[in-house]
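> One predicted model, sequence on top.
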Amino acid sequence: MAETVLDYEAEAAHYDRTRGGVPRAAAAAAAVLRLVPPGARTLLDLACGTGLVTERLTRPGLRVYGADAAHAMVRVAAGRAPGRAVRADARRLPLPDASLDAVAAVWLLHLVPFAADIVAEAARVLRPGGVLVATVDKDAAHDVGSDIDAILRPHRSVSAASDRTDLITEAAAAHGLDPAPGTRFTGHGQGGTPRDTVRKLRAGYFASWFDGDPATTETLAAALTALPDQDRPRADPRYRLASFVRRD
C-alpha cells in the first residue's frame, strides 16, 4: 500500500514505542474480540504492523493471522505470530472467496485513499455471517477538546477523512456487509503534548487531515510552543470500532 503517508518500512523499528505500546494494543485487541462472534475460528488482522495487536487477539478455538504491506513490519510481526504473518496488499489478499470468519482493520482505513477497496476485499474473503471490524473516524477521535486541539481544530479537514463512518458504511453495504453494533476503546499513551505535536506537525504525521503550507505549519508550531506544560500529555483519544456482518 504505497499510498500511505508514512514510510512504514522505516517506522517498524520504533513503531510500538511511539504508538502507546502494549496498553494501547491490549485495549484494541480486547475491543476487536468483543465484536468477533463466539463461533469464529479464523481472523485476519489487516495491516497488522509489528503484530503487537495480533498476538493479543487470543481466544480458545480462534486462529489469528496477520498481513501487512511493509516488509519490515512483517519481519517483526513474524516473531510474534510465527508462521501466521504474511506480506500482502489489503486490496489483493492471497485468499480464496469466503475463507475467513473475521477480518480486523485497526488503524488502517484513515491512512489510505482506497478504503472502499479494502472493505470490498474484506467482504470477498468473509464467509456468510463473518464480520469485518474496523476503526473509523480515527483523526476525529484525536480531538479531545484540549488546548492543543483549540489551535489545530480550524485546520482539521475531518470531512475529507477516508475512514468516515458514513463512507465506510456505504462501501460495506455495496459489498454485502450490514452494520452491527460497535464499541470504543482508549488509545492509551496517545494523549498529545504541545512539544511532540510540533514535532509531528513538522514531520508530516498529520498529512491525513492537514495540508497546510510551510508558513501555516510554522504559525501553528509557534502557537503550540507558547502553550503551558509543554511535556504534559493531554487526554487519551477514544477510538471507535465499527462492525459489519456478511450477508448470507
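That came through, no problem. Numbers count the residues shown, from 1 in each chain.

> Need the CA coordinates for the top helix by length along the chain. PDB is fine.
What stands out as the longest helix in the chain, according to DSSP state H, is helix 21-35. The C-alpha trace of helix 21-35 is given here as PDB (Å, rounded to 0.1, in the frame of the first residue of the first chain):
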ATOM      1  CA  GLY A  21       2.900   0.200  23.300                       C
ATOM      2  CA  VAL A  22       1.300  -2.800  25.000                       C
ATOM      3  CA  PRO A  23      -1.500  -0.900  26.800                       C
ATOM      4  CA  ARG A  24      -2.900   0.600  23.600                       C
ATOM      5  CA  ALA A  25      -2.500  -2.700  21.700                       C
ATOM      6  CA  ALA A  26      -4.200  -4.700  24.500                       C
ATOM      7  CA  ALA A  27      -7.200  -2.300  24.500                       C
ATOM      8  CA  ALA A  28      -7.500  -2.600  20.800                       C
ATOM      9  CA  ALA A  29      -7.400  -6.400  20.800                       C
ATOM     10  CA  ALA A  30      -9.900  -6.600  23.600                       C
ATOM     11  CA  ALA A  31     -12.300  -4.400  21.700                       C
ATOM     12  CA  VAL A  32     -11.900  -6.400  18.500                       C
ATOM     13  CA  LEU A  33     -12.600  -9.600  20.300                       C
ATOM     14  CA  ARG A  34     -15.800  -8.100  21.800                       C
ATOM     15  CA  LEU A  35     -17.100  -7.900  18.300                       C
END
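
> Packing partners of it?
Contacts defined by 3 or more CB pairs under 8 Å, 6 or more residues apart in numbering; DSSP states H and E place helix 21-35 against strand 126-136, strand 177-186, strand 238-246. Any C-beta I mention is one placed from the backbone N, CA and C, and that applies to glycine too.

> Which residues does stretch 53-67 contact?
If you take CB atoms under 8 Å, 6 or more residues apart in numbering as the criterion, stretch 53-67 is touched by 25-26, 28-30, 32-33, 36, 40-48, 51, 74, 77, 80-81, 84-88, 90, 93, 104, 106.

> what about the residue nearest the centre of the chain, which SS state?
Nearest to the geometric centre of the chain sits Trp107, at 0.2 Å (CA atoms, centre = their mean). Of the three states, Trp107 takes coil according to DSSP: H, G, I helix; E, B strand; the rest coil.

> thinking it is in contact with Asp45, fair?
No: in this structure Trp107 lies outside contact range of Asp45 using CB atoms under 8 Å: 10.9 Å.

> from the chain's centre, how far out does whichever strand or helix holds Ala215 sit?
Using DSSP states H and E, Ala215 maps to helix 214-225. From the chain centre to the centre of helix 214-225 is a distance of 27 Å (CA atoms, centre = their mean, to the nearest Å).

> Repeat that for stretch 162-170.
With CA atoms, centre = their mean as the basis, the mean position of stretch 162-170 lies at 14 Å from the chain mean.

> picking that back up, next, the contact list for the residue nearest to the centre of the chain, please.
Neighbouring residues of Trp107 by CB under 8 Å, 6+ apart: Ala28, Ala47, Thr135, Lys138, Tyr239.
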